[in-house]
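Visitor: task: produce atomic coordinates for the following.
(one chain, ligands or ions: 1)
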Amino acid sequence: MSLTPPLSRFDFPPGFLFGAATAAYQIEGAGFGGCGPCHWDTFAATPGNVVRCEDGARACDHYHQWPADLDLLAAANMDAYRFSTSWARVMPDGVTVNPEGMDFYDRLVDGMLARGLRPFQTLYHWEMPSALADKGGWTNRDTAARFADFAQKITERLGDRVASIATINEPWCVAWLSHFIGAHAPGLRDIRATARAMHHILLAHGMAVERLRDAGQKNLGIVLNFDYAQPATDSAADKQAAARWDGIFNRWYIEGITKQTYPDTVMEGLAPHMPEGWQDDMPLIGQELDWLGVNYYTRHLHAHDPAAAWPHLRDVPGPLPKTQMGWEIYPDGLQHFLTRMARDYVGDLPIYVTENGMANADQITGTTVTDQVREDFLFAHLAATKRAIADGANVQGFFYWSLLDNYEWAEGYEKRFGLVHVDFESLQRTPKSSYHALARALARNDQGHLR
Ligand code: FCB
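Guide: Numbers count the residues shown, from 1 in each chain. As a prediction, the model looks like this:
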């Protein structure tokens, strides 16, 4: 364990924000505080979907332990905290407000401010209320309007204190991973449902931005995830396969928003399945953003597979070291996306790395968890971020995923991403060596100033 981290906050521009990210369902405990059922509860209760059928009923019990968790962020010298506000907690039936849920987030935001942490709120990190899932969830256009109502209600309560609001977390996961691959709730494998979800999730974003902007809310953005698509070989067919994946994963959402178009390489497969009149929604989807969130974890190698239906792809395992998720460690991909976003899509708009991190099979020995591999991962990605800034990308912050080990969706509690170890029996929190290294890197100078 090195005592002097390879980078510190002073290697970044003045005002650059460092933080950690979490999401409501993954940490709070959906069984508490009058939270309504969501599609993750039922997905988890259906055998075969989630490791050991684990769900988020208790998770890290952050619903009760939030003051100590916020203390952990502050003690690591962080500037900001990216959290999400569960739709199912705020509106258990998707429509009616649960005052207990509102009060919880109210206390949480005040708790952040009291500790000098800037609240970066995400509105949809995947808790589709079951009542709306019953009506088709993201395959149903009306869900987008319901989402705008939710955005408005929660912002009426918190909007005076949050530093920024992201509408949606990772629309690719919401749409493709959940409706085409079927690995996340609602677990569909249906191309028509996928096309609709891909459009309606952006429509929900657009409707919410319009509603919040009309109400005078500032600092509105979206969090997109990016996966570096590389061809498995130099063949033209594999290059085209990688380009198709780049279209599906990376271009669809950012181009819908910033260019008001969808890539031809994707429309090739989806056009017959798009909701009627989708073109008319593009101006609403394409409203201006105040900032862009980039989540980045890994790259994939793609080969053309003529035997498979559109998009005619197959993943080929890559040679790089992998995390506990089996994801290759490839920091250059983060630099690639940050510079590409600035160059091709958002220009000088502020960009935040809203998630980056790794799962590791961390072991606790007494009260110590040594995760040098995570420390190396984190600093390699901070270095990639710094290179992107040198390339001209206006990156203004970096949030590590995640503060705590937590409910990793279909992987249950098995995959540990936290800077802080959580014992899921006792709920004991133990900061790992990566947490201590980051805290040292983020120490402020003697006057407590950032510079
Ligand atoms: C992202 C999700 C986040 C977490 C990380 C590992 O796709 O936004 O909730 O699960 O992956």
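Visitor: how close does the closest residue to Pro92 other than its chain neighbours get to Gly347?
Guide: Leaving out its chain neighbours, the residue that sits closest to Pro92 by Cβ to Cβ, 6 or more residues apart in numbering is Gly36, at 2.5 Å. Where you see a C-beta, it was placed from the backbone N, CA and C, and this is true even at glycine. Relative to Gly347, Gly36 is positioned 40 Å away (criterion: Cβ to Cβ, to the nearest Å).
Visitor: quick one: Leu427 and Ala59 touch, right?
Guide: No: contact status for Leu427 versus Ala59: not in contact, 9.5 Å apart, counting by Cβ atoms under 8 Å.
Visitor: mind checking which of those two has more residues around it?
Guide: Between Leu427 and Ala59, counted using other Cβ atoms under 10 Å, Ala59 has the larger neighbour count: 26 against 15.
Visitor: the more buried one against Tyr407, yeah?
Guide: Yes: using Cβ under 8 Å, Ala59 is in contact with Tyr407, at 4.9 Å.
Visitor: overlap in contacts of the two?
Guide: Overlap between the contact sets of Ala59 and Tyr407, as judged by Cβ atoms under 8 Å, 6 or more residues apart in numbering, is given by Tyr25, Gln26, Ile27.
Visitor: name the helix or strand for the first one, please.
Guide: With secondary structure defined by DSSP states H and E, Tyr25 is part of helix 24-27.
Visitor: longest single strand anywhere in the protein?
Guide: strand 291-304 (DSSP state E).
Visitor: just the mean pLDDT for it, thanks.
Guide: The predicted model gives strand 291-304 an average pLDDT of 98.
Visitor: what pairs with that strand, parallel or antiparallel?
Guide: Within its sheet, and counting by DSSP bridges, strand 291-304 is paired with strand 220-231 (parallel), strand 313-316 (antiparallel), strand 351-355 (parallel).
Visitor: among the ones you listed, which is the most enclosed?
Guide: When those are scored by mean count of other Cβ atoms under 10 Å, the highest mean neighbour count falls to strand 351-355 (a mean of 26).
Visitor: how distant is stretch 30-38 from the center of its chain?
Guide: Offset of stretch 30-38 from its chain centre (Cα atoms, centre = their mean, to the nearest Å): 21 Å.
Visitor: ok, residues contacting it?
Guide: In this structure, residues lying in contact with stretch 30-38 by Cβ under 8 Å, 6+ apart are 25, 28, 40-41, 55-59, 61, 63-64, 86-89, 91-94, 98, 100-101, 104, 126-131, 133, 185.
Visitor: and it, what's buried?
Guide: Counting neighbours by 16 or more other Cβ atoms under 10 Å, one finds that the buried residues in stretch 30-38 are Ala30, Phe32, Gly33, Cys35, Gly36, Pro37, Cys38.
Visitor: now do stretch 138-153
Guide: Applying a neighbour-count criterion of 16+ other Cβ under 10 Å, the buried positions in stretch 138-153 are 138-141, 143-144, 146-153.
Visitor: let me know the closest of these to Leu289.
Guide: Sorting those by distance to Leu289 puts Ala151 at the head of the list, at 14.7 Å, by Cβ to Cβ.
Visitor: next, count neighbours for the closest residue to the closest one other than its chain neighbours.
Guide: With Cβ to Cβ, 6+ apart as the criterion, Ala151 has its nearest non-adjacent residue at 3.9 Å, and that residue is Ala208. Other residues near Ala208 number 29, with proximity taken as other Cβ under 10 Å.
Visitor: same question for Arg58.
Guide: Neighbours around Arg58, by other Cβ under 10 Å: 18.
Visitor: and it, what does it touch?
Guide: Taking Cβ under 8 Å, 6+ apart as the contact definition, Arg58 lies against Gly29, Gly31.
Visitor: does it sit in a helix, a strand or a coil?
Guide: For Arg58, the reduced secondary structure class is coil; criterion used: DSSP: H, G, I helix; E, B strand; the rest coil.
Visitor: which of the helices or strands spans the closest residue to Gly136 other than its chain neighbours?
Guide: Here the nearest residue to Gly136 in space, its sequence neighbours aside, is Thr143; by Cβ to Cβ, 6+ apart that works out to 7.2 Å. Remark: Thr143 resides in helix 142-158, with elements defined by DSSP H and E.
Visitor: what of Val162?
Guide: For Val162, there is no host helix or strand (DSSP H and E).
Visitor: tell me, how many residues neighbour it?
Guide: Val162 sits with 22 neighbouring residues when counted by other Cβ under 10 Å.
Visitor: isn't it right up against Asp106?
Guide: No: the criterion here is Cβ under 8 Å, and Val162 misses it with Asp106 at 11.1 Å.
Visitor: give the contact list for Gln287.
Guide: Applying Cβ under 8 Å, 6+ apart to Gln287 gives the contacts Gly206, Val209, Glu210, Arg213.
Visitor: okay, the residue nearest to the spatial centre of the chain: pLDDT?
Guide: Computing the C-alpha centroid of the chain and ranking residues by Cα atoms, centre = their mean puts Asn169 first, at 4.6 Å. pLDDT, the model's per-residue confidence, is 99 for Asn169.
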